[in-house]
Every structure is written in structure tokens, then in C-alpha cells.
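Visitor: Take this sequence and fold it.
(one chain, ligands or ions: 1)
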Amino acid sequence: MYEYDYLIVGAGLYGAVMAHELNKAGKKCLVIEKRNHIAGNVYCEEIEGIRVHKYGAHIFHTSNQKVWKYMNQFAQFNHYINSPIAIYKDELYNLPFNMNTFNKMWGVKTPEQAKQMIRMQIEDSNITDPKNLEEQAISLVGKDIYEKLIKGYTQKQWGRACTELPAFIIKRLPVRFTYDNNYFNDPYQGIPMGGYTKLIQNMLGEVEVRTGVDFFEFRKTNPDISKKIIFTGMLDQYFDYKLGELEYRSVRFETEVLDCDNYQGNAVVNYTDIDVPYTRIIEHKHFEYGTQEKTVISKEYSSEWKKGMEPYYPVNDEKNTRLYEKYKELADKEKDVIFGGRLGSYRYYDMDKVVEEALNQVEKLM
Ligand code: UDP
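Guide: Okay, here's the model as predicted:
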């Protein structure tokens with residue numbers, strides 16, 4: 001009766017894993033994608049022979065061995081380790097917060113001296129039970145680091161004061177009392193050789209994909225194309241915003257080709273001062289140890305999302321979480337539709353969590 005078993009809306013990471021697994025299980029799938037290319041936000045565009053992370057830098061990292069093995073079926077990963085730099089006015093620090101950061105900030109050399117400084121600063125701030133991002137940050141790294149490396153950056157990224165943001169956002173970042181600049185604690189990390197777009201293409205394999213197709217238009221003319229739908233777009237849009245609009249943060253990228261081979265010496269440089277309008281500069285070639293003559297950089301400007309813009313980050317504050325939960329109730333009633341991915345689940349997911357969620361979902365379906 002139906003032409004396909006599954007209609008998968010969105011050819012990003014979640015959609016591609018679902019398509020791969022369902023296809024493997026003998027289900028007939030159709031993937032439709034609104035953009036004119038596959039790979040969602042991990043899509044890369046080649047400029048001057050350099051793969052440019054068009055929708056923001058993506059560094060794959062995980063502590064889940066199953067997910068790591070899974071991803072390695074579709075690409076080999078290079079040995080890139082993310083070690084961002086933070087620039088505050090004319091000062092430069094290593095991230096994540098570690099002994100290199102503490103040494104530069106306070107001149108301390110031993111872990112005990114660093115802990116002592118942080119303890120003193122926490123005591124001065126009178127925080128016992130951190131209730132928001134500001135209090136959480138001060139409790140983790142003290143006031144100086146909060147003021148110079150967190151406050152401005154976070155306010156720019158989220159467009160909200162740190163006192164209005166949930167504490168968990170900052171808990172994503174490690175704090176270490178060793179001289180280790182690796183941003184992630186995960187044992188597995190890297191960038192897929194050949195690029196993310198190729199990886200997604202390998203996942204999709206022979207599954208039929210139609211790009212440049214908007215689901216909401218498509219379903220008007222194809223209401224009975226499949227019994228089941230996997231939807232990875234915006235949850236509130238699916239329900240025609242009937243309970244109100246969920247908020248997102250969007251990002252605008254200003255990408256430039258520069259006539260030099262190495263602009264900033266690192267893939268990621270964060271600008272943590274509130275007076276610099278962008279949050280960070282990405283120099284794409286360094287993700288893949290590029291030796292091209294030119295370089296491509298992207299300045300990232302964070303902004304509030306409005307209809308027509310790309311939604312990047314869900315805003316998991318109280319108000320939006322409450323609204324999400326109401327939409328979730330509606331979603332649970334749609335028996336033949338599965339909502340997933342960063343947008344479909346309205347979660348601040350890393351890539352590995354998206355893959356994990358998709359694999360779990362497939363297990364439930366089978
Ligand atoms: N953050 C910060 N200063 C930095 C980098 C990150 O204060 O230099 C905070 C900020 O609140 C941000 C959060 O840490 O939202 C998580 O950063 P992450 O790098 O994980 O963000 P993503 O890579 O997802 O954009």
C-alpha cells in the first residue's frame with residue numbers, strides 16, 4: 001500500500017544513521033532533505049582545496065566504544081586533538097581550563113597552588129550550591145577565569161547573562177589540574193579523513209535521497225508515501241507552532257580566503273572579550289593538517305534565531321524546557337513518527353550522542 005516503509009526527513013547525522021540501519025534491515029527508505037546537499041550541519045564545502053565546515057566546526061569525540069567503531073565503518077579518522085586557544089584583550093590562554101591556563105593567569109606552577117587560588121576565589125564569592133552558569137563557573141575555576149574567559153564568551157554565544165543560563169552548559173568543559181590542553185576527556189577523537197560529507201554519503205549508501213525537498217510541502221502532495229516517518233527537523237514547526245515557538249540560537253559565519261598559509265596557528269581561537277563581536281575564528285585547514293598555499297577562516301557571530309535562519313543550538317533554559325516537554329507529549333502521541341537529532345529532540349547534543357540516540361532508536365524499532 002505504501003511506496004516506502006520509512007520517510008526520513010533530514011539527511012544529517014541522525015537521519016543518515018537511521019537510513020543506514022533501516023536499509024540494512026531490509027526496510028525501504030526515502031530520505032528527503034530541505035537543503036540542496038546532504039550531511040546536515042556536518043556538511044563541508046571545498047574552498048581552495050580546504051574543507052570548510054560550513055555550518056560550524058565539528059570535531060568528533062566520544063567515550064562510547066560502540067559508537068566509535070560504528071563511525072569507523074564509514075571513514076577512517078585522523079589524529080586531530082582539539083586544543084583551542086582563548087584570547088582576552090591582549091592575553092592568550094590555553095583551553096580547556098588546565099594548569100597551562102592557571103599558570104598564565106596567576107603564575108602558579110603546581111596543582112595545589114592552583115586549587116588554593118580557586119578555593120580562595122570561591123570563598124570570596126560565597127557560593128555553596130551553584131544555581132546558574134555564573135555560580136557554577138566560579139565554583140569550578142574561580143572568579144578571574146570566569147570574568148576573563150567565560151562571562152563574555154557565554155553572553156555572546158547565548159545572548160543571555162550567565163545568571164540566566166543553566167549550570168550544565170559549562171559542565172561540558174573539563175577542568176584539569178594537569179598540563180593537558182586536550183579539550184575533550186573522551187578516549188576517541190578525530191576528523192574523518194575525506195571529510196564529513198563523504199562519511200554521510202557512505203552511511204546513506206544506496207538509500208534514495210532527494211535534496212531540495214521541503215517536508216511540509218512534500219507531505220501535501222505525498223500524504224501516503226510511507227507509514228512511518230523519522231523527523232529530524234524542528235519539533236515546534238512539525239506541530240505548526242501550535243503551543244508557541246521554541247527558541248534557538250543561530251550562528252552567522254563570515255568566511256574569508258586569506259593569501260597566507262597559516263593565519264592563527266590553530267584550528268580554533270575563541271575571543272572571550274565581550275567587545276569583540278564574534279565568538280571565535282576557525283581556521284579550517286588545521287583540522288586536517290592542510291598544507292595548501294592559502295587558508296580559509298570563518299568568524300562566528302552568534303545571534304537569536306528567527307524564522308528563515310538556520311537553527312543551531314536549542315536554548316535549554318527553564319522556559320524552553322517547559323515548552324519542549326509539552327511538545328514532547330504531543331510527539332509521543334504521534335505513533336508513526338519518530339523525532340530525533342539535535343532539533344527533533346531539542347537537545348544540546350554532541351555528534352556521538354546523536355549517533356547513540358539513533359542506534360538506540362533502531363534497536364527499539366527492530
Ligand atoms: N565557554 C566559555 N568560554 C570558552 C569556551 C566555552 O565560557 O572559551 C562556555 C560557553 O558557555 C559555552 C560552553 O562553554 O556555551 C560550551 O562550550 P563548547 O565549546 O562545548 O560549545 P560548542 O562547541 O558546542 O559551541
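Visitor: and the stretch 51-200 of the chain, which of its residues are near the ligand?
Guide: 86, 95, 149-150, 153-154, 157, 169-170, 172-173 (CB under 6 Å from any ligand atom). The C-beta positions use only the backbone N, C-alpha and C, and glycine is treated the same way.
Visitor: Mark which of those are buried, thanks.
Guide: 86, 95, 149-150, 153-154, 157, 169-170, 173 (16 or more other CB atoms under 10 Å).
Visitor: just to revisit the earlier point, using CSV, lay out the residues of the stretch 51-200 of the chain next to the ligand together with secondary structure and distance to Val257.
Guide: Listed next are these as CSV, based on DSSP: H, G, I helix; E, B strand; the rest coil; distance: CB to CB, whole Å:
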residue, secondary structure, distance to Val257
Ala86, strand, 25
Leu95, coil, 26
Leu149, helix, 30
Ile150, helix, 32
Tyr153, helix, 26
Thr154, helix, 30
Gln157, helix, 26
Ile169, helix, 33
Ile170, helix, 34
Arg172, coil, 32
Leu173, coil, 31
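Visitor: by contact count, what packs against the helix or strand of the chain with the lowest mean pLDDT?
Guide: Every helix and strand in the chain was compared by mean pLDDT, DSSP states H and E; the lowest is helix 168-171, with a mean of 86. Packed against helix 168-171 by the contact rule (3 or more CB pairs under 8 Å, 6 or more residues apart in numbering; DSSP states H and E) you find helix 133-145, helix 151-158.
Visitor: Please identify the deepest-packed of those helices.
Guide: helix 133-145 (a mean of 23; mean count of other CB atoms under 10 Å).
Visitor: Hmm, Phe60 is touching Asp352, no?
Guide: Yes - contact criterion CB atoms under 8 Å: Phe60 and Asp352 qualify, at 7.0 Å.
Visitor: More neighbours: which of those two?
Guide: Comparing Phe60 with Asp352 by neighbour count (other CB atoms under 10 Å), the higher total belongs to Phe60, at 26 against 20.
Visitor: Could you measure from the more buried one over to Asp261?
Guide: 26 Å (CB to CB, to the nearest Å).
Visitor: How many residues are close by Leu258?
Guide: By other CB under 10 Å, the residues close to Leu258 number 14.
Visitor: Next: Pro223.
Guide: Neighbours around Pro223, by other CB under 10 Å: 7.
Visitor: Specify the beta-bridge partners of Val257.
Guide: Beta-bridge partners recorded for Val257 (DSSP bridges): Val296.
Visitor: residues touching it, list them.
Guide: 47-48, 294-296 (CB atoms under 8 Å, 6 or more residues apart in numbering).
Visitor: Need the per-residue pLDDT for it.
Guide: pLDDT recorded at Val257 is 98.
Visitor: got it, and the one 3 residues further on?
Guide: At Cys260, the pLDDT value in this model is 98.
Visitor: Quick check: the closest residue to it other than its chain neighbours vs the ligand, distance?
Guide: Leaving aside its chain neighbours, Cys260 sits nearest to Thr295 (6.2 Å; criterion: CB to CB, 6 or more residues apart in numbering). Using CB to the nearest ligand atom, to the nearest Å, Thr295 is found at 21 Å from the ligand.
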